[in-house]
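K.L.:
Generate coordinates for the sequence data below:
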Amino acid sequence: MTLQSPDSNAPAQPGEARVPVTLKAVIKKPTVTYVILAVTISIYGLQYLSQALTGGAYDLPFFLGGKINEFILKGEIWRLITPVLLHGSLMHIAFNMYALFSIGPSLERHYGHSRFLMLYLIGGFAGNALSFVLSPNPSLGASTAVFGLVAAEAVFIFKNRNLFGNRARSMLMNLGLIIIVNLALGLSAGSGIDNWGHLGGLAGGLIFAWEAGPLYKIQTGGATGYELLDSKSREQVWWGVMLSAGLFTAVVIGRLLVK
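P.N.:
Residues are numbered from 1 along each chain as shown. Purely as a prediction, here's the structure:
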């Protein structure tokens, strides 16, 4: 990856020298992404087994952890997180896990294990929180968290757009198209898609990423003389957690108070 100079945010002009810059990734192996994939797939196996043993009449994991407003109103608040581990069909889990596998590793390499897990959980929580408030229908699926990842990817590209050069615009347009198409699918008759969950995941991921996501700055050092380091402090990351999680917690509390 190259930039014009260590002290310039402007892209290089024709004829100007470019200086190679080393990007120091936070981690090399996206362990959290792989763990989430393994756990989610395993739980879907339990869902399948539960239904197979009852002739398709009973899905025990969904009964215990799905987003069912009636039970959340009775105090089962874990249902605002656990739906990200549950899926309604093989196609449902395949689509969400493919999306996670596609976008997760790259984000985790920049976010690091802990911050990436925070992002995933906040996206899932925000999506289920908004769905709880605005939709009476039961729901499940990791798409709330995946939409949070998509929002975070867009924020990452936008805030570090000088690193991507002319590609940044097209990358952001592609992400915007993905979001629009998926939301449009949710508006189609009989889709059964929880768009409120998707919008909540987007909002949660966007807020967290804007405040806590990686923001690279060029510093002297590295094999080429310059390297890119994340300038976000631990305090900024925790502020992002409190802001995003606190906002949707307030939304949930407001709904619980008017039950």
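K.L.:
Please, where are all the helices along the stretch 1-150 of the chain?
P.N.:
For the stretch 1-150 of the chain, helices defined by DSSP state H, counting those that start in this stretch occupy the ranges 31-53, 60-65, 69-73, 90-111, 113-134, 143-159.
K.L.:
With adjacent residues omitted, what lies nearest to the most centrally placed residue in the chain?
P.N.:
Centre of the chain computed as the mean C-alpha position; nearest residue by CA atoms, centre = their mean is residue 149, 2.4 Å away. Of all residues beyond its chain neighbours, the one nearest residue 149 is residue 103 (5.1 Å), with distances taken as CB to CB, 6 or more residues apart in numbering. Bear in mind the C-beta positions are built from the backbone N, C-alpha and C, glycine included.
K.L.:
wait, what's in contact with that neighbour?
P.N.:
Listed by CB atoms under 8 Å, 6 or more residues apart in numbering, the contact set of residue 103 reads 146, 149, 150, 153.
K.L.:
Dump the residues you listed into TSV; add distance to residue 131 as well.
P.N.:
As requested, the contacts of residue 103 are arranged in TSV below (distance: CB to CB, whole Å):
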residue	distance to residue 131
146	14
149	17
150	17
153	22
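K.L.:
Figure out which of the helices of the stretch 1-150 of the chain is closest to residue 251.
P.N.:
Residue 251 lies closest, by CB to CB, to one member of the helices of the stretch 1-150 of the chain: helix 113-134, at 5.5 Å.
K.L.:
Between helix 31-53 and the closest one, find me the angle.
P.N.:
Helix 113-134 runs at 50 degrees relative to helix 31-53, counting by axes from the mean of the first three to the mean of the last three CA atoms, to 10 degrees.
K.L.:
in helix 113-134, what's buried?
P.N.:
By neighbour count on 16 or more other CB atoms under 10 Å, the buried set for helix 113-134 is 113, 115-133.
K.L.:
Then stretch 43-63?
P.N.:
Residues of stretch 43-63 classed as buried under the neighbour-count rule (16+ other CB under 10 Å) are 43, 44, 47, 48, 50, 51, 59, 61, 62.
K.L.:
And stretch 93-102, by the same measure?
P.N.:
Of the residues in stretch 93-102, those scored as buried under the neighbour-count criterion (16+ other CB under 10 Å) are 93, 95, 96, 97, 99, 100.
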